[in-house]
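>>> I would like to see how this sequence folds:
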Amino acid sequence: MNLLRIALVGGFLSIAATMLWISFVFGVDTSTGTLLINLGTEIIGIVITVAVVEWFFERRRLQTRGRQLAWDALHAVEQAVWVWQGGPREMDTDEVRGVLSSVGAEDPLPDFTEGLFLNIGTRSRRLLNNDPDAVTAVPGFMNGLEHLARLSAIRDGKESMRPQKVADILDEGTSALAKALGKPTERHLASLIRFRDPSIESQERRHFGHVGHKTPLRSAPPEVLP
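As a prediction, this is how the structure comes out:
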């Protein structure tokens, strides 16, 4: 409830309280006192009803927004894991966890894939800081974001974060998000997942659409004649 609504509620309650006070001044047995006490109690009842209904609507709005943000976070993880490890293009949470369980110490983690995980971590940390009401409106969502926010430090150390540590963070975040959204939380057998291929060439093809992606060179400026 924003400040304007709080001010309006406070204003009407003050008016109601004033009416009740005046009714006792005139005497509750008088016609004026009876009228004021009825009006005051009626206003209080209306204000309380409106405030409760408004609270439920606001709560529902925050839950809807929180669930949408949770789905966005989960889809971002699914996309990044698919780029990194392959597998079916559309994977459920149990398949994502199965793929992550198969990550090995030698699995390559090129800069563009690392950048996807960095973005997930940065966005998760921003949601925790900037939209806490929507996050806390969905039980378990905060837990998932706290796990994923650790990826914001993926480039902070002198050495790159180990692939297995990245996989563990993603797995914990996926499990928490799946639980918050009512998705499967168990882990699919990695041996049953087809099309897994973490090679750099395959990562480039999945991310850029082809192998051998290079940043286009800028054209040289035209030579200026004296």
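
>>> so which bits of the host helix or strand of Ile120 are buried?
In this structure, Ile120 sits in helix 111-130 according to DSSP states H and E. By 16 or more other C-beta atoms under 10 Å, the buried positions in helix 111-130 come out as 113-114, 116-118, 120-125, 127-128. C-beta coordinates here come from the backbone N, C-alpha and C atoms, glycine included.

>>> kindly reformat these as TSV containing pLDDT and distance to Ile6.
Formatted as TSV, the buried residues of helix 111-130 follow (pLDDT from 0 to 100; distance: C-beta to C-beta, whole Å):
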residue	pLDDT	distance to Ile6
Thr113	96	47
Glu114	95	46
Leu116	97	42
Phe117	97	41
Leu118	96	40
Ile120	97	36
Gly121	97	36
Thr122	97	34
Arg123	97	31
Ser124	97	31
Arg125	97	30
Leu127	96	26
Leu128	96	26
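
>>> that older thread, can I get the helix holding Ile120 as CSV, trimmed to CA atoms?
Provided in CSV are the C-alpha atoms of helix 111-130 (Å, rounded to 0.1, in the frame of the first residue of the first chain):
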residue,chain,number,x,y,z
ASP,A,111,34.0,-16.3,-22.5
PHE,A,112,30.6,-16.0,-24.2
THR,A,113,29.1,-18.8,-22.1
GLU,A,114,30.7,-17.5,-19.0
GLY,A,115,29.1,-14.1,-19.8
LEU,A,116,25.6,-15.8,-19.8
PHE,A,117,26.2,-17.1,-16.3
LEU,A,118,27.6,-13.7,-15.2
ASN,A,119,24.4,-12.0,-16.5
ILE,A,120,22.2,-14.5,-14.6
GLY,A,121,24.1,-13.8,-11.3
THR,A,122,24.0,-10.1,-11.8
ARG,A,123,20.3,-10.1,-12.6
SER,A,124,19.6,-12.3,-9.6
ARG,A,125,21.5,-10.0,-7.2
ARG,A,126,19.6,-7.0,-8.6
LEU,A,127,16.2,-8.6,-8.1
LEU,A,128,17.1,-9.4,-4.5
ASN,A,129,18.1,-5.7,-3.9
ASN,A,130,15.5,-3.9,-6.0
